[in-house]
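>>> With the sequence up front, the predicted model follows.
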Amino acid sequence: MSGLIVENVDKFYGNVQALGDISLTVDNGQFVCLLGPSGCGKTSLLRIVAGLEDPSAGRIVLDGADITSKPAHKRDFGMVFQSLALFPHLSVGDNIAYPLAIRGVPKEKRRAEVERLLELVHLPGKADRAITQLSGGQRQRVAIARALIMQPKLFLLDEPMSALDAKLRETMQVEVKRLQRSLGVTSLLVTHDQREAMTTADLVVVMSEGKIQQVAPPIEIYRNPANAFVADFIGITNLIQGRIDGGRFEGPGGALTLPGAKPGNATLSIRPEDIALAPQAGPDTLTGTVTFVRHLGATTEISVDTGNADEKDLTVSLPGRTHCPLEVGDTAHLSVDPAAVVVLG
Amino acid sequence: MIQSRPRTPLGYLPILLPAFALIAFYIVPFGSMVGMSFFHNLGGGAYEEVFTLENYARLVSPFFLSVLGTSFEVAFLVALFAIVIGFPFTYLLVNARRGTQVFWLIVMLSVLSLSEAIIGFAWSTLLSRTAGIGVLFEALGLTEKAQSYAPSLGAVLAGVTYIAMPYAVLLLYPILSRIEPDIEQASRTLGASPLRAFFNVIVPMHRTPIVVSFVMIFVFTLGSYLLPQILGRPTNWTLSVVISDQALLQSNMPFAAALSIFLMTVTILLVLLVTLINRKGAKA
């Protein structure tokens, strides 16, 4: 058994349950993202894996050994904190070398290792700088180098990019992913930013209210959401409630042919880009009134009121250069590719 | 800052009272003390108003050097104990629950509200042969016979440290309460046990506030006057005790004034040092 196994982990803070029966397997070399809104328990799970908090129940197993009660400082993991938690009184080099100094590695060797890591995070020759002399992005790299110098069995990242501005964040995400791939280190990243999860992860774990909602590769999460929460949380989607009977879905605004769909009440999830405009009403179209048109350049977004539940208009996203003859108040006929429709129970 | 000067001389009237108070109650007595320190002592409370440096020359006599030594020793050790005990205590305190924090801060403030005389006599009772910890040690079999631990240098140190402790905690509390918990946790994930994280990261991170607090307590303790008399032998007396002895019992005002000026100069130099360290710390 190699890799990290989280087994039936519960976590309570007083009477409040933060995690409920979490089980998860991370193979060696994999990059796994814990993705969810704030308060979903993703950070608690990461901290339990790191050994900074004890689970109320359940086990953490690493490479076949139970490490549930092993203290954090004996786990040999590298962790990057949201605040980075760099030591202000130490130079860049001494920060990075801290794990080596703790373990009594001689100075010469430390120096060489620090240079190697600085090279790796594209900060060569900055070992003698003070932390305060570095920019936000550079500090980020120092924190990553410090977490990786021990060649940890597990690389943990707790929303480390959330303090950076949008552009730098995207650059760092790509860089973290490249670094992880070249080192082959098993990694666990916590984020609420789905772009970050999509960029970095081999496997995305979507969490909500202390429970795992879905575990799948990024594109799978987007194309085949397991439930309405995942469909709604990842990207933009249209949720349409209705009834399936004999391979046909009947809902607000019209009907759709869905061959082989299970009969009964159902919610459909349809991505805005999977909806197209139809010239006229047909047997497989939804019809409604245009309530808003947004020309965003790359795409044109049209909101259509089909009488959907909760007064939620359908969002249609057309490629930017597609001619859009519709204006607010017009009647729109929408056609949907049945293969792109996800039927949620 | 708003800069508007009064348009008429009458506009300066409101500052007359504080200016007068400052001159009458601070600058005049201080000036007379400076003057007094250069006068020649005639004995029996009388002195001659001639300029002499003999009072300052007496400072370097073996006796006063030893008094100076004692003063600095007491102040240094008390500052050291107060920081060595106070820093870990405050660190634990800021990490404790809110209720616990409030409780201990109230305890610390209550200690400050006690009269120094009461503290002194409480300690001398506590360290006495008949009613103190000596009895407890005897009962526990630690010592054969109960003995007295006061007066002694140890008793002075215990008493003064007891008073200095709340200052140490109150000086360090606002600084330590600003530490991010991430810092300690980061050092743990990097391989440091909680104890090593404390000594390796938390303490060196706070070098500047530790040094500043140390000097503040040192200065504060340098003026301790009552406790060395209650808890110490004459050999444990500090400069302040000797000053009052010279002024009140020996009636040698010029020499007492010279001693006071000296004590004040040392204090001012130390405060300047703290300001310097602080400024350097703020820049880093």
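In hand now; what should we look at?
>>> how about the residues of chain B near chain A?
For chain B, the contact set with chain A under CB under 8 Å from any CB of the partner chain comprises B:180, B:182-183, B:185-194, B:196-197, B:200-201, B:204-205, B:207, B:284. Quick note: C-beta positions are derived from backbone N, CA and C, even for glycine.
>>> Which among these count as buried?
Taking 16 or more other CB atoms under 10 Å in any protein chain shown as the criterion, what is buried in the residues of chain B next to chain A is B:182-183, B:185-193, B:197, B:200-201, B:205.
>>> Just these: which are in helices?
Counting by DSSP state H, those place B:182-183, B:185-189, B:197, B:205 in helices.
>>> can you tell me which two in these are farthest apart?
Largest separation among these by CB to CB: B:T189 and B:M205, giving 17.0 Å.
>>> Just the mean pLDDT for the helix or strand harbouring A:Q180, thanks.
Element membership for A:Q180 (DSSP states H and E) is helix A:166-183. When pLDDT is averaged over helix A:166-183, the result is 91.
>>> now swap in stretch B:141-150 and tell me
The pLDDT scores in stretch B:141-150 average 79.
>>> Equivalent analysis for stretch B:221-234, please.
88.
>>> distance of A:N28 from A:E250?
Taken as CB to CB, to the nearest Å, the spacing of A:N28 relative to A:E250 amounts to 49 Å.
>>> higher neighbour count, those two?
Set side by side, A:N28 and A:E250 show more neighbours around A:N28, with 14 against 11, by other CB atoms under 10 Å in any protein chain shown.
>>> For that one, give me the pLDDT.
We have a pLDDT of 92 for A:N28.
>>> My guess is it contacts A:L62. True?
No - contact between A:N28 and A:L62 fails when scored by CB atoms under 8 Å: they sit 9.9 Å apart.
>>> between these two, what contacts are shared?
Residues touching both A:N28 and A:L62 (CB atoms under 8 Å, 6 or more residues apart in numbering or on different chains): A:G3.
>>> pLDDT weak spots in the chain?
Reading this off chain A. For chain A, applying pLDDT under 70 flags the ranges A:1.
>>> Actually, chain B is the one I wanted.
For chain B, the ranges with pLDDT under 70 are B:1-3, B:281-284.
>>> For chain B, just list every one of the strands.
Taking DSSP state E, the strands of chain B run over residues B:40-43, B:46-48.
>>> okay, the ones you listed, which one's buried deepest?
Looking across these with neighbours counted as mean count of other CB atoms under 10 Å in any protein chain shown, the highest average goes to strand B:40-43: a mean of 14.
>>> which helices and strands does that strand pack with?
Judged by 3 or more CB pairs under 8 Å, 6 or more residues apart in numbering or on different chains; DSSP states H and E, the packing partners of strand B:40-43 are strand B:46-48, helix B:253-283.
>>> Parallel or antiparallel, list what pairs with the first one.
What it means is strand B:46-48. Looking at strand B:46-48 with DSSP bridges, its partner strands are strand B:40-43 (antiparallel).
>>> quick one: contacts of the partner strand?
B:47-48, B:50, B:52, B:54-55, B:251-255.
>>> and if you look at stretch A:104-118?
A:92-93, A:96-97, A:100-101, A:124-127, A:145, A:148-149.
>>> Identify those among the residues you listed that sit within helices.
Counting by DSSP H, the contacts of stretch A:104-118 place A:92-93, A:96-97, A:100-101, A:145, A:148 in helices.
>>> Which members of the contacts of strand B:40-43 are classed as buried?
B:47, B:55, B:252-255.
>>> neighbour-wise, which of the ones in helices among the contacts of stretch A:104-118 leads?
A:I96 (31 neighbours).
>>> All the strands of the stretch 201-345 of chain A, residue numbers only.
In the stretch 201-345 of chain A, the segments counted as strands under DSSP state E, counting those that start in this stretch are A:203-208, A:211-216, A:238-245, A:248-251, A:254-257, A:264-270, A:275-278, A:285-295, A:299-305, A:314-319, A:331-336, A:342-344.
>>> Does anything pack onto the last one? Which helices or strands?
So the one you mean is strand A:342-344. helix A:228-233, strand A:264-270.
>>> CA-only coordinates of the longest one in CSV, if you can.
As requested, C-alpha coordinates have been extracted for strand A:264-270 and formatted as CSV (Å, rounded to 0.1, in the frame of the first residue of the first chain):
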residue,chain,number,x,y,z
GLY,A,264,-39.0,10.0,-12.7
ASN,A,265,-38.3,13.4,-11.3
ALA,A,266,-35.0,14.8,-12.4
THR,A,267,-32.7,17.8,-12.4
LEU,A,268,-30.7,18.5,-15.5
SER,A,269,-27.4,20.3,-15.5
ILE,A,270,-26.6,22.0,-18.8
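>>> Same list (the buried ones among the contacts of strand B:40-43) but as JSON lines, adding distance to B:L170.
Converted to JSON lines, those look like this (distance: CB to CB, whole Å):
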{"residue": "B:Y47", "distance to B:L170": "42"}
{"residue": "B:N55", "distance to B:L170": "37"}
{"residue": "B:N252", "distance to B:L170": "38"}
{"residue": "B:M253", "distance to B:L170": "37"}
{"residue": "B:P254", "distance to B:L170": "38"}
{"residue": "B:F255", "distance to B:L170": "36"}
